[in-house]
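> model the structure of this input:
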Amino acid sequence: MAERFTLIEPITVRQEIRKSRFIGTAGPVADEAGARDFIATWSDPAANHNCWAWRLGQGYRFNDDGEPSGTAGKPILAAIDGQALDGVAILVTRWFGGVLLGSGGLMRAYGGTAALGLREGKKVALVETATATITCPFGDLARVQARLEALPGVQLRDQAFTSTGAVLSISVPKEETDLVTRLATDLSSGRAFVRWDE
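Below you'll find the predicted structure:
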């Protein structure tokens with residue numbers, strides 16, 4: 001699978017194209033409700049058009065907000081996909097300046113404003129993770145926990161104690177699952193049990 005990225009924080013860019021003013025605002029979103037909130041927050045009811053797109057994994061939506069069909073939302077979505085982004089919403093707001101841009105001009109203006117904002121935004125790679133629970137006796141707990149926490153990308157999400165040891169809930173990059181299983185098993189001489197969530 002190709003590497004995907006998301007934005008670290010919202011970014012806003014401005015352009016004037018043949019007397020029309022365009023403001024593009026892009027930001028990270030976690031789910032569809034977050035994308036809708038982002039668009040509602042940054043939309044300007046005084047503008048002529050508030051066109052947008054968002055991508056969340058395989059899910060996406062776009063809207064032309066009164067512009068001719070396919071001239072705004074699709075080019076904005078194409079800017080997201082063209083830069084391998086995910087978990088991102090973009091709103092491009094237009095104030096009409098009196099000069100008609102035509103279909104091709106609108107597509108370039110909306111897609112270009114979105115792409116400009118995405119190029120300037122700070123990005124971080126998205127890493128697919130897996131979660132597991134590790135049941136570990138007290139005698140091995142400190143050693144197993146210390147080694148796991150030293151691995152890049154491994155996060156201890158929760159820890160519960162039992163009468164014989166502890167149950168650790170962890171999150172790790174998916175490509176590290178075999179390493180984590182081997183590490184926990186080897187460090188405890190087979191006494192620790194790792195169960196990966198589906």
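> when you work out contacts or count neighbours from here on, use the C-alpha atoms and nothing else.
Noted.
> hang on, Ile23 packs against Ile90?
No. Taking contacts as Cα atoms under 8 Å, Ile23 lies outside contact range of Ile90: 10.4 Å.
> these two: which is more packed in?
Each of Ile23 and Ile90 has its neighbours counted (other Cα atoms under 10 Å); Ile90 has more, 34 against 19.
> for that one, give me its contacts.
Going by Cα atoms under 8 Å, 6 or more residues apart in numbering, Ile90 touches 24-27, 39, 52-54, 76, 114.
> ok, the spatially closest residue to Ala47 that is not a sequence neighbour to Arg195 distance?
Residue nearest to Ala47 in three dimensions, not counting chain neighbours: Trp95, with 5.2 Å by Cα to Cα, 6 or more residues apart in numbering. Distance from Trp95 to Arg195, counting by Cα to Cα, to the nearest Å: 55 Å.
> neighbour-wise, which of the two wins?
The neighbour count for Trp95 versus Arg195, taken as other Cα under 10 Å, is higher for Trp95 (17 against 12).
> quick one: residues contacting Leu56.
By Cα under 8 Å, 6+ apart, Leu56 lies in contact with 30-32, 86-88.
> helices - which of those land there?
Under the assignment DSSP state H, the contacts of Leu56 contribute Glu32 to helices.
> who wins on neighbours among the contacts of Leu56?
Val88 (28 neighbours).
> what about the residue lying closest to it once chain neighbours are set aside, neighbour count?
Of all residues not flanking Val88 in the chain, Pro28 sits nearest, at 4.6 Å (Cα to Cα, 6+ apart). Pro28 sits with 24 neighbouring residues when counted by other Cα under 10 Å.
> okay, buried residues for the helix ranked longest in the chain please.
In the chain, with assignment by DSSP H, the single longest helix is helix 102-120. Neighbour counts using 16 or more other Cα atoms under 10 Å place 106-118 of helix 102-120 among the buried residues.
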